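**Student:** Structure, please.
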Amino acid sequence: MSVDPNVLAALSEALESLNRDPQRPVPSSVIAALAPLAREGTNLKIDLEASRQIGAPLVTLGYSVPESDLFAPLTPRQRDVAALLVCGQSNKEIARNLSISPATVKDHVHAILKHLNLPSRAAVIAAARSPEKS
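**Tutor:** Residues are numbered from 1 along each chain as shown. The predicted structure follows:
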């Protein structure tokens, strides 16, 4: 996922503010700059202790989406492939279950990753299995 440079600057400012005085609230201007990251299902965590230990900001940003919403941009066949992928099936197993070739499964998996903007099969599985789904 690519993050807007303005959002990165706001994250840096938020970290600096928290490091200066952890008891003081982050300025509202910083919070407003982080607004592009805020949407339903978003978790933004700033781990100050880990940041101090590793010497760099540790910020995690995660999204959880209900599976039905997650797979909404997919075609019906891609949804079939994605459902089996989430069950942990290999391309060969998916091909056998759907009576299609492994090459077609591979094409569907690539399309699924592109449509969902996820980097890997594991990321699809993690997004679909997220305990934070609503």
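**Student:** List the buried residues of whichever strand or helix holds Val81.
**Tutor:** Using DSSP states H and E, Val81 sits in helix 76-86. Residues 78-82, 84-86 are the ones in helix 76-86 that count as buried (16 or more other CB atoms under 10 Å). All C-beta spots, glycine's among them, are computed from the backbone N, C-alpha and C.
**Student:** Could I get the average pLDDT for it?
**Tutor:** Taken as a whole, helix 76-86 has an average pLDDT of 91.
**Student:** swap in stretch 54-65?
**Tutor:** Per-residue pLDDT values over stretch 54-65 give a mean of 61.
**Student:** Start the count at 2 instead of 1 going forward.
**Tutor:** In the new count, where the first residue is 2, that last one comes out as stretch 55-66.
**Student:** rewinding a little: quick one: which of the buried residues of helix 77-87 is nearest Arg97?
**Tutor:** The nearest member of the buried residues of helix 77-87 to Arg97, counting by CB to CB, is Leu85 at 10.0 Å.
**Student:** Not counting its neighbours along the chain, what's nearest that closest one?
**Tutor:** Ranked by CB to CB, 6 or more residues apart in numbering and with sequence neighbours excluded, the top spatial neighbour of Leu85 is Ile95, at 4.6 Å.
**Student:** got it, and His109?
**Tutor:** Taking CB to CB, 6+ apart as the measure, His109 lies nearest to Val82, with 4.2 Å between them; neighbours along the chain are not counted.
**Student:** residue contacts, that neighbour?
**Tutor:** By CB atoms under 8 Å, 6 or more residues apart in numbering, the residues touching Val82 are 95, 99, 106, 109-110, 113.
**Student:** Just want to check the distance between it and Lys107.
**Tutor:** Computed with CB to CB, to the nearest Å, the distance linking Val82 and Lys107 is 10 Å.
**Student:** I'd say Leu119 and Ala112 touch.
**Tutor:** No: under the criterion of CB atoms under 8 Å, Leu119 lies out of contact with Ala112, with a separation of 11.7 Å.
**Student:** Packing partners of whichever helix or strand Ala15 is part of?
**Tutor:** Using DSSP H and E, Ala15 sits within helix 6-21. In terms of contact count using 3 or more CB pairs under 8 Å, 6 or more residues apart in numbering; DSSP states H and E, helix 6-21 is assigned the packing partners helix 29-35, strand 43-47, helix 49-55.
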